[in-house]
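Asker: got a predicted model here, sequence first, then my questions.
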Amino acid sequence: GENVEQHPSTLSVQEGDSAVIKCTYSDSASNYFPWYKQELGKRPQLIIDIRSNVGEKKDQRIAVTLNKTAKHFSLHITETQPEDSAVYFCAAELNRDDKIIFGKGTRLHILP
Amino acid sequence: DSGVTQTPKHLITATGQRVTLRCSPRSGDLSVYWYQQSLDQGLQFLIQYYNGEERAKGNILERFSAQQFPDLHSELNLSSLELGDSALYFCASSVVPDSKRGFYNEQFFGPGTRLTVL
């Protein structure tokens, strides 16, 4: 069945350093890969996404890379700031039925 | 504010009871998704509706059911509640996906309903 694995489950990074979160998916029919950020007590919000016909996308300090052959994609956050502390979820969507599968999340701590 | 509304915000009930959670999608969105988020857990996809019809099903228990009405609002019904059903329930909505035109399925989440079963 469809599955999305996300690593690590917890990540602590010194402020100003980079953070990388990795996800792998099982269904090769997946064609859309969003990343959501959920701050404590709040709703998940989309921060960046990538389509299957694109290898990399960048938005200021955030970038996502996709390797369709290996079926994995990664979130990169550079120059981390305290407000980056949150839980980050990756997801993969199947084109055939719009079903979206989320990873279990990564709790990112930015250390002062 | 995502434009997705959910009521009630909090709900406290007892085991064995039945509750209904309500969701109104963003204006123009035809798809509604329901998720369960338990303490320190990820987002468990429950069910998706598109324009009134069930489109995809995830890890939804038989005690749970949902529907989407002609005005596109959706309700999630949880019955025979157990302690383990205590969680945050999110609704999300999205536009109709059309990969040929480049629309992809960004989901806009509501604020959630926190259900506590005592």
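Answerer: Cool, the structure landed.

Asker: next to chain A, which bits of chain B? Give me the list.
Answerer: Contact residues, chain B versus chain A (Cβ under 8 Å from any Cβ of the partner chain): B:2, B:31, B:33, B:41-43, B:45, B:48, B:50, B:55-56, B:58, B:90, B:94, B:97, B:99, B:104-112. (Each C-beta comes from the backbone N, C-alpha and C, glycine too.)

Asker: buried ones from the residues you listed, can you make that a PyMOL selection?
Answerer: In PyMOL, this line selects whichever of these come out buried by 16 or more other Cβ atoms under 10 Å in any protein chain shown:
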select buried, chain B and resi 2+31+33+42+43+45+48+50+55+56+58+90+94+97+99+104+105+107+108+109+110+111+112
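
Asker: next step: the residues of chain B next to chain A restricted to strands.
Answerer: Among these, the members falling in strands are B:31, B:33, B:45, B:48, B:50, B:55-56, B:90, B:94, B:108-109 (criterion: DSSP state E).

Asker: could the residues you listed be laid out in a markdown table, adding pLDDT?
Answerer: Formatted as a markdown table, these follow (pLDDT from 0 to 100):
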| residue | pLDDT |
| --- | --- |
| B:Ser31 | 89 |
| B:Tyr33 | 93 |
| B:Phe45 | 88 |
| B:Gln48 | 91 |
| B:Tyr50 | 88 |
| B:Arg55 | 86 |
| B:Ala56 | 85 |
| B:Phe90 | 97 |
| B:Ser94 | 88 |
| B:Phe108 | 92 |
| B:Phe109 | 95 |
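
Asker: how far is stretch A:35-52 from where the chain is centred?
Answerer: With Cα atoms, centre = their mean, to the nearest Å as the basis, stretch A:35-52 stands 8 Å off its chain's centre.

Asker: can you pull the buried residues of it?
Answerer: Residues A:35-38, A:43-44, A:47-50, A:52 are the ones in stretch A:35-52 that count as buried (16+ other Cβ under 10 Å).

Asker: A:Asp27: which of the ones in strands among the residues of chain B next to chain A is nearest?
Answerer: B:Ala56 (13.0 Å; Cβ to Cβ).
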